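Enquirer: the sequence isn't on hand, but the structure is:
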C-alpha cells in the first residue's frame, strides 16, 4: 500500500464484503454438516475463517475500520466463550499490529512534516515499523543526542478514511451483529466520530502526552514517555520497553495480572485529579508493564479534558448506592440527566439494576473475570430480565460519554486480565466525594 485506500466506494466495498463472506462460509458450512462433518467442528472453522478475514480487512483499511476493531476487542470478554474464542486472538492483534506502509511513504511524510533534512534529526531510523495502529504506525529510532525514541507517523489520507469508515460502519448494523453478537455499535461509532479531529492532530496529542509525562515524572507506579518533537502528523517521544498488556492477558502470571490491573485503574482514576485530563482509550495496546513494576502508558490521542477533575457528584452517588439509599440515587441521577424528567421509574428498581455492577467496590477485594462480565452483559441485555426494561429508561448525558466509555473499557480489560485488587481503595484515594469527610468544628 502506498497509503490508505481513500475512495469511499473502495472502502465501502471491502467492508460490505465482511458479512457477505460470512454468509458464504455459513452456506458452505451447512453443506459440510449435511455431508456428515460434526456441527461443532464446522462452526469453529467458519468462525476462525471469519476472524481471519476481519483482521485482514480492518487491518489493511486502517482508519476508522481498524479503530472500530480495536474498540470491539476491549469488549470480547463479555461474549460467550464459544463466540469469543475465534475472535479473541484476531481482535487482540488489531491492538498493536497491521499491514505496514512501505518505507518510501513513511519517508515522504517525515520529509513533509519535519523538513527535507529530517534524517539529520536522527542518528538512526528503522524503516520497519515496530507497531501499527488505526491512524499511524510507530518506528524505532535513535535521536541525534543518542536517546532511543518512538516515531509515530500518521498514515496519508487518515482523516478521509476515518470519516468514510465510520459513516459506513454506522449504517451497517448487521455487520456488527454477525461479527460480535450483543454489541450495540451505534453509540460506539458516534463517539468515535466525535473524536476524529482531535486524534488526527499530533501536536494536540503531544501537548496532552507531555502534560501527563510532567505530572507523573518520578512516580513509583506510572511511567509516561516525554515528548521529544512533534508536528501535525509526526510525534517523537521516548522509547520505553515493556511487556504489552495483550501478552499479559494471553500468558501473564497472576501477579502480573493483578499488578497491571491495579495500576491501570490507579492511572485512569488519578489522571483527572493530577493532570485535569482523562486518558480515554483504555485498550491493552496502549499499556506496557515494565521490569521495575511500573505501568507505562502510551497514545494520548483520545483524552477527556476535565480541568476540575471528575464530576464531584459521582462519589457521593456511588456511596449512596452502596448504602442502599435508593431515593438519593434516583434524585441524583435525575439531576445529572441520567433519568429524564418525563421518565417515571421506581427508585428501588433502579437501585436493583445498578447494585450487581457495584460488587467490585463493595468488596474488600474483588477479582474481575470474563464469567462475571458475561453475567452482567446477559443481565442487562436479555429482554426477559427486569434489568433490561429498567435500562431502557436511562439516558447517557453527553458530559459523561467519555467517562462512561473509559469506565466500561477499563472493566473489559480488567476482566481480560482477571485482576484482583482493592478497587474501593483506589476510589477512596482518587474519586471526589466517595469518602465522607468529617466536618471540622469551627474555632471559637
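Expert: Okay, I see it. A quick note: this is a predicted structure, and the numbers were derived from the prediction, not measured. Numbers count the residues shown, from 1 in each chain.

Enquirer: where exactly do the strands run in the chain?
Expert: Per DSSP state E, the chain carries strands over the ranges 122-125, 131-132, 136-143, 148-154, 222-223, 227-230, 234-238, 243-244, 277-279, 287-289, 295-297, 303-305, 366-367, 420-421.

Enquirer: next, the buried residues of the longest one.
Expert: Going back to what we said before, that points to strand 136-143. Of all the residues in strand 136-143, those buried under the rule 16 or more other C-beta atoms under 10 Å are 136, 137, 138, 139, 140, 141, 143. Heads up, the C-betas are built off the backbone N, CA and C, glycines and all.

Enquirer: what is the neighbour count of residue 314?
Expert: Residue 314: 19 surrounding residues under other C-beta atoms under 10 Å.

Enquirer: that one contacts residue 430, correct?
Expert: No: assessed by C-beta atoms under 8 Å, residue 314 is found out of contact with residue 430, at 11.0 Å.

Enquirer: a markdown table for the buried residues of strand 136-143, including distance to residue 368 and pLDDT?
Expert: Output for the buried residues of strand 136-143, formatted as a markdown table (distance: C-beta to C-beta, whole Å; pLDDT from 0 to 100):
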| residue | distance to residue 368 | pLDDT |
| --- | --- | --- |
| 136 | 31 | 82 |
| 137 | 31 | 89 |
| 138 | 29 | 93 |
| 139 | 35 | 96 |
| 140 | 33 | 97 |
| 141 | 37 | 98 |
| 143 | 39 | 98 |
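
Enquirer: least confident of the strands of the chain, on average?
Expert: Ranked by mean pLDDT, the strands of the chain bottom out at strand 131-132, with a mean of 78.

Enquirer: circling back: redo the strands of the chain as a markdown table? Include distance to residue 350.
Expert: Putting these into a markdown table (distance: least, C-beta to C-beta, whole Å) gives the following:
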| stretch | distance to residue 350 |
| --- | --- |
| strand 122-125 | 57 |
| strand 131-132 | 43 |
| strand 136-143 | 43 |
| strand 148-154 | 44 |
| strand 222-223 | 36 |
| strand 227-230 | 45 |
| strand 234-238 | 44 |
| strand 243-244 | 39 |
| strand 277-279 | 26 |
| strand 287-289 | 34 |
| strand 295-297 | 35 |
| strand 303-305 | 26 |
| strand 366-367 | 23 |
| strand 420-421 | 28 |
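
Enquirer: any idea which of these gets closest to residue 205?
Expert: Ranking the strands of the chain by proximity to residue 205 (C-beta to C-beta) places strand 234-238 first, at 6.1 Å.

Enquirer: and the closest one, what does it pack against?
Expert: The helices and strands touching strand 234-238, judged by 3 or more C-beta pairs under 8 Å, 6 or more residues apart in numbering; DSSP states H and E, are helix 103-114, strand 148-154, helix 202-215, strand 227-230.

Enquirer: state the mean pLDDT of the first one.
Expert: It stands for helix 103-114. 95.

Enquirer: flag every buried residue along it.
Expert: Buried residues in helix 103-114, counting neighbours by 16+ other C-beta under 10 Å, are found at 105, 106, 108, 109, 110, 113, 114.

Enquirer: nearest to residue 341 among those?
Expert: Nearest to residue 341, judged by C-beta to C-beta, of the buried residues of helix 103-114 is residue 113 at 50.1 Å.

Enquirer: I figured that closest one hits residue 235, correct?
Expert: No: using C-beta under 8 Å, residue 113 makes no contact with residue 235, being 9.7 Å away.

Enquirer: just give me the neighbour total for residue 336.
Expert: With neighbours defined by other C-beta under 10 Å, the count for residue 336 comes to 16.

Enquirer: let me fix that, I meant to ask about residue 375.
Expert: By other C-beta under 10 Å, neighbour count at residue 375 equals 12.

Enquirer: equivalent analysis for residue 203, please.
Expert: 12.

Enquirer: what residues are up against it?
Expert: By C-beta atoms under 8 Å, 6 or more residues apart in numbering, residue 203 lies in contact with 230, 231, 232.

Enquirer: confidence score at it?
Expert: On pLDDT, residue 203 comes in at 96.

Enquirer: how near is it to residue 299?
Expert: According to C-beta to C-beta, to the nearest Å, residue 203 and residue 299 sit 15 Å apart.

Enquirer: before we move on, back to that, redo the helices and strands packed on strand 234-238 as JSON lines? Include distance to residue 265.
Expert: Listed next are these as JSON lines, based on distance: least, C-beta to C-beta, whole Å:
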{"stretch": "helix 103-114", "distance to residue 265": "36"}
{"stretch": "strand 148-154", "distance to residue 265": "25"}
{"stretch": "helix 202-215", "distance to residue 265": "16"}
{"stretch": "strand 227-230", "distance to residue 265": "25"}
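
Enquirer: nearest to residue 328, of those?
Expert: Across the helices and strands packed on strand 234-238, the minimum distance to residue 328, taken as C-beta to C-beta, is reached by helix 202-215, at 33.8 Å.

Enquirer: quick check: angle from that closest one to strand 136-143?
Expert: Angle, helix 202-215 to strand 136-143, by axes from the mean of the first three to the mean of the last three C-alpha atoms, to 10 degrees: 60 degrees.

Enquirer: tell me the angle of helix 202-215 relative to helix 103-114?
Expert: Using the same axes, to 10 degrees, helix 202-215 lies at 80 degrees relative to helix 103-114.

Enquirer: give the buried residues for helix 202-215.
Expert: Those buried within helix 202-215 under the rule 16+ other C-beta under 10 Å are 202, 204, 205, 206, 208, 209, 210, 211, 212, 213, 215.

Enquirer: out of the strands of the chain, nearest to residue 356?
Expert: Closest of the strands of the chain to residue 356 is strand 366-367, at 12.3 Å (criterion: C-beta to C-beta).

Enquirer: from the contact counts, what lies against that closest one?
Expert: Strand 366-367 sits against strand 420-421, with contacts defined as 3+ C-beta pairs under 8 Å, 6+ apart.
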